[in-house]
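Peer 1: got a predicted structure here, sequence first:
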Amino acid sequence: MKTRKNTITAVFLISVLVMLTACFSAKSKLDSLVSAKKYNEAIQYYLEKKDDISRDEAKESFTKALDQMYQDYLKGKVEINDIANYLNDLEKLNSGEIYEYGRNTYLKVYAVEKSKEAFVDAEFAYKDGQYERAIGLYKQVVSDDTNYEIAQKNIAECIKEYKKLKVAEAEEFAHNGDYKNPIQLLRQVASLIGDDSEINSLIVSYQSKLEEQVVSNAESLINEGKYDEAIELINENQDAFSDSKKFEEAKNTITEKVVEKELSDSKVAGLISDGMFEKALESINSIKEKYPDSKLIEKTYKDAAEQYVKQELAKIEELMSKSDYDAAYDECEKALEKVPDSEEIKSKMAYAGERKPTDLMDRFLAVNAESGAEVIKINKENTFTDKSNVKYSKNALDYEFCGAWFRIERVANAEFKLDKKYKSLRTAAVLACSLKKDDKAYIRIYGDNKLLVKKKIDNHTTADNIIEVDVSNVEILKIEISYTAPTMNSIAVVNSKLDKK
């Protein structure tokens with residue numbers, strides 16, 4: 001039994017050894033074909049013996065073949081078409097990895113081909129003095145190209161000559177007072193040749209001169225009164241400044257000078273010294289709209305606004321001391337149009353607003369009229385004109401009476417909801433047409449159906465004849481107009497105000 005086991009083991013080992021020997025012999029033969037540069041025979045041999053050669057071994061051999069072909073190409077022993085044809089033959093191996101390696105080898109060859117073409121063109125450009133073109137072409141020469149070292153040497157020579165020409169060209173522009181073109185020209189040089197201390201120094205120098213030139217030209221425009229053009233010049237030449245900080249500084253300088261001139265032209269200082277703050281602020285705000293970031297306009301506005309607010313507060317206080325909160329509120333409103341950021345005026349306006357009279361028409365409830373009469377609320381669409389040709393467009397009621405055959409009394413009234421929130425009513429009545437002899441008209445005011453006041457209306461009655469009534473305990477107010485005449489007429493209740501408690 002033991003003898004039989006040993007025999008089986010020996011047979012197995014011999015089989016493995018035979019297989020390894022066959023594989024080793026196949027790989028060695030493939031390598032020898034590649035080393036001998038018999039590339040097509042190597043492909044054919046692999047196809048016959050691929051069962052004895054692994055994919056990794058095949059990849060190692062054929063990539064070596066491709067590397068050899070590339071080196072022979074660089075030495076001029078192999079043409080690009082030879083490599084292209086070999087790449088086609090490699091497709092027979094049905095190996096994506098080997099084919100991809102071959103494709104990359106071909107791309108390297110193609111790059112060298114283009115490099116050689118670029119070198120030839122660069123040489124012609126160099127001889128013709130076309131240094132910019134020559135530099136660009138020499139830079140396309142790759143390190144595997146045998147012309148690479150010559151290209152690098154010629155680049156240095158071209159840069160030297162190119163710089164000399166462009167610096168002279170820039171100096172010619174600058175000599176004629178043009179600093180913008182030299183900067184653009186030298187920036188193009190820098191983009192082509194890379195970082196260069198001489199070029200960088202010249203750019204900085206011309207940049208400084210251009211900045212001064214732009215600011216100087218802007219100041220000349222200011223002196224000519226061409227303020228918008230001065231600001232526009234600065235904005236259009238932002239690229240003329242070496243950095244954004246310098247641009248902002250120049251822009252601020254020009255802006256302040258423009259503001260200074262506009263303030264002078266508007267005689268703002270004189271208006272302020274004469275106490276004409278409203279006119280001064282109108283001019284300041286007009287300039288402020290154009291130059292909102294100006295420190296000078298901000299300071300001038302602040303000084304004028306402080307004095308104006310002080311003046312207005314005195315007026316407002318005086319009006320409120322007389323309990324004329326309506327006028328005080330209007331004065332605050334007017335002042336805030338000039339100084340919208342004044343917290344003091346806003347505070348006074350809020351105080352006056354809480355106490356100012358309410359328009360009676362805001363409390364309008366209902367109307368009631370006999371036949372031949374009508375009551376209409378006045379608004380902008382149906383303004384009332386009295387017999388003195390004074391017009392009323394709000395806070396008024398028009399009591400219209402039609403003509404009649406006889407001199408009979410007609411009555412109309414309107415009701416208002418007060419809810420006992422007000423202490424007094426101030427109102428007046430006016431005629432649209434004069435009354436004739438024996439015509440009669442009256443205004444009667446009721447509080448919760450109790451007669452509070454009765455006044456006769458005649459041809460001498462005007463809006464200045466104020467009727468003041470205590471309404472402190474009134475929930476529903478009623479204003480009644482009676483008219484006794486054969487002719488048509490209109491009587492309006494105008495300027496009616498309710499004073500708050």
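Peer 2: Received, thanks. Since the structure is predicted, the reported quantities are computational estimates derived from the model, not experimental observations.

Peer 1: just name the shakiest helix or strand of this protein by mean pLDDT.
Peer 2: In the chain, no helix or strand scores lower on mean pLDDT, DSSP states H and E than helix 2-35, which sits at a mean of 59.

Peer 1: list the buried residues of whichever strand or helix holds Tyr351.
Peer 2: Tyr351 belongs to helix 343-355 when assigned by DSSP states H and E. By 16 or more other CB atoms under 10 Å, the buried positions in helix 343-355 come out as Glu344, Ile345, Lys348, Met349, Tyr351, Ala352. The C-beta positions use only the backbone N, C-alpha and C, and glycine is treated the same way.

Peer 1: report all helices and strands that the top strand by length along the chain contacts.
Peer 2: Counting by DSSP state E, the longest strand found in the chain is strand 489-500. Helices and strands touching strand 489-500, by 3 or more CB pairs under 8 Å, 6 or more residues apart in numbering; DSSP states H and E, are strand 358-359, strand 384-385, strand 391-392, strand 396-401, strand 422-431, strand 440-447, strand 476-484.

Peer 1: so of those strands, which one's packed in deepest?
Peer 2: Compared across those, strand 396-401 shows the largest average neighbour count, a mean of 24 (mean count of other CB atoms under 10 Å).

Peer 1: pull it out as CSV, backbone CA atoms only.
Peer 2: Backbone C-alpha positions of strand 396-401 (Å, rounded to 0.1, in the frame of the first residue of the first chain) are rendered in CSV as follows:
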residue,chain,number,x,y,z
ALA,A,396,-67.3,118.1,4.1
LEU,A,397,-71.0,117.2,3.5
ASP,A,398,-73.0,118.7,0.7
TYR,A,399,-76.7,119.1,1.5
GLU,A,400,-78.5,119.5,-1.8
PHE,A,401,-82.0,121.0,-2.1
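
Peer 1: give me the average confidence score over it.
Peer 2: Per-residue pLDDT over strand 396-401 has a mean of 96.

Peer 1: same question for stretch 81-95.
Peer 2: Average pLDDT, stretch 81-95: 91.

Peer 1: could I get the helices and strands packed on strand 489-500 as JSON lines with distance to Ala36?
Peer 2: Converted to JSON lines, the helices and strands packed on strand 489-500 look like this (distance: least, CB to CB, whole Å):
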{"stretch": "strand 358-359", "distance to Ala36": "115"}
{"stretch": "strand 384-385", "distance to Ala36": "121"}
{"stretch": "strand 391-392", "distance to Ala36": "118"}
{"stretch": "strand 396-401", "distance to Ala36": "120"}
{"stretch": "strand 422-431", "distance to Ala36": "121"}
{"stretch": "strand 440-447", "distance to Ala36": "129"}
{"stretch": "strand 476-484", "distance to Ala36": "124"}
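
Peer 1: about what we covered before: tell me what the helix holding Tyr351 is packed against?
Peer 2: Helix 343-355 sits against helix 295-321, helix 325-338, with contacts defined as 3+ CB pairs under 8 Å, 6+ apart.

Peer 1: okay, these in a markdown table with distance to Ser393 and mean pLDDT next?
Peer 2: Formatted as a markdown table, the helices and strands packed on helix 343-355 follow (distance: least, CB to CB, whole Å; pLDDT from 0 to 100):
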| stretch | distance to Ser393 | mean pLDDT |
| --- | --- | --- |
| helix 295-321 | 24 | 95 |
| helix 325-338 | 17 | 93 |
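
Peer 1: which of the ones you listed sits most buried?
Peer 2: Comparing the helices and strands packed on helix 343-355 by mean neighbour count (mean count of other CB under 10 Å), helix 325-338 ranks first with a mean of 19.

Peer 1: measure the nearest residue in space to Lys454 that is not next to it in sequence to Arg407 for me?
Peer 2: Once flanking residues are discounted, Lys454 sits nearest to Arg444: 4.9 Å by CB to CB, 6 or more residues apart in numbering. Distance, Arg444 to Arg407, using CB to CB, to the nearest Å: 19 Å.

Peer 1: Tyr446 now?
Peer 2: 25 Å.

Peer 1: what helix or strand is Lys153 on?
Peer 2: Assessed by DSSP H and E, Lys153 sits inside helix 148-175.

Peer 1: what packs against the helix or strand just after that helix?
Peer 2: Downstream of helix 148-175, the next assigned helix or strand under DSSP H and E is helix 180-193. Applying 3+ CB pairs under 8 Å, 6+ apart, we find helix 180-193 packed against helix 131-138, helix 148-175, helix 197-223.

Peer 1: same for the shortest one, what does it pack against?
Peer 2: Here helix 131-138 touches helix 96-127, helix 148-175, helix 180-193, going by 3+ CB pairs under 8 Å, 6+ apart.

Peer 1: how about these, which one is nearest Lys455?
Peer 2: helix 180-193 (83.7 Å; CB to CB).

Peer 1: tell me what angle that closest one forms with helix 131-138.
Peer 2: Between helix 180-193 and helix 131-138, the angle comes out at 20 degrees (axes from the mean of the first three to the mean of the last three CA atoms, to 10 degrees).

Peer 1: what residues does helix 180-193 touch?
Peer 2: Residues outside helix 180-193 that contact it (CB atoms under 8 Å, 6 or more residues apart in numbering) are 132, 135-136, 159, 162-163, 166-167, 169-171, 173-174, 196, 199-200, 202-203, 206-207, 210, 237, 240.

Peer 1: can you check stretch 281-293 too?
Peer 2: 252, 255, 258-259, 262-263, 266-268, 271, 294, 297-298, 300-301, 304-305, 308, 338-339.

Peer 1: repeat for stretch 372-381
Peer 2: 361, 364, 367-369, 382, 384, 392-402, 404, 410-414, 483, 492, 494.

Peer 1: 10 Å - rerun?
Peer 2: Residues outside stretch 372-381 that contact it (CB atoms under 10 Å, 6 or more residues apart in numbering): 361, 364, 366-369, 382, 384, 391-404, 408, 410-414, 479, 481-483, 488, 490, 492-494.

Peer 1: give me the buried positions along the helix or strand following the least confident helix or strand of the chain.
Peer 2: Where DSSP H and E defines the elements, the next helix or strand beyond helix 2-35 is helix 39-49. The neighbour-count criterion (16+ other CB under 10 Å) identifies Tyr39, Ala42, Ile43, Tyr45, Tyr46, Lys49 as the buried residues of helix 39-49.

Peer 1: average model confidence for the helix or strand just after helix 39-49?
Peer 2: Using DSSP H and E, the next helix or strand after helix 39-49 towards the C-terminus is helix 55-74. For helix 55-74, the mean per-residue pLDDT is 93.

Peer 1: what packs against the very next helix or strand once past helix 55-74?
Peer 2: With elements assigned by DSSP H and E, the helix or strand that comes after helix 55-74 is helix 80-90. The helices and strands touching helix 80-90, judged by 3 or more CB pairs under 10 Å, 6 or more residues apart in numbering; DSSP states H and E, are helix 39-49, helix 55-74, helix 96-127.

Peer 1: and for helix 80-90, what are the contacting residues?
Peer 2: 39-40, 42-44, 62, 65-66, 69-70, 72-73, 78-79, 98-99, 101-103, 105-106, 108-110, 112-113.

Peer 1: also stretch 268-280?
Peer 2: With CB under 10 Å, 6+ apart, stretch 268-280 has contacts from 262-264, 266-267, 281-284, 287, 297, 300-301, 303-312, 334-335, 337-339.

Peer 1: repeat the analysis, applying 6 Å as the threshold.
Peer 2: Residues outside stretch 268-280 that contact it (CB atoms under 6 Å, 6 or more residues apart in numbering): Ser283, Ala304, Gln307, Tyr308.

Peer 1: tell me which element the first one falls in.
Peer 2: Ser283 is located in helix 277-290, with elements delineated by DSSP H and E.

Peer 1: tell me the buried residues in that helix?
Peer 2: For helix 277-290, the neighbour count (16+ other CB under 10 Å) marks Phe277, Glu278, Lys279, Ala280, Leu281, Ser283, Ile284, Asn285, Ile287, Lys288 as buried.
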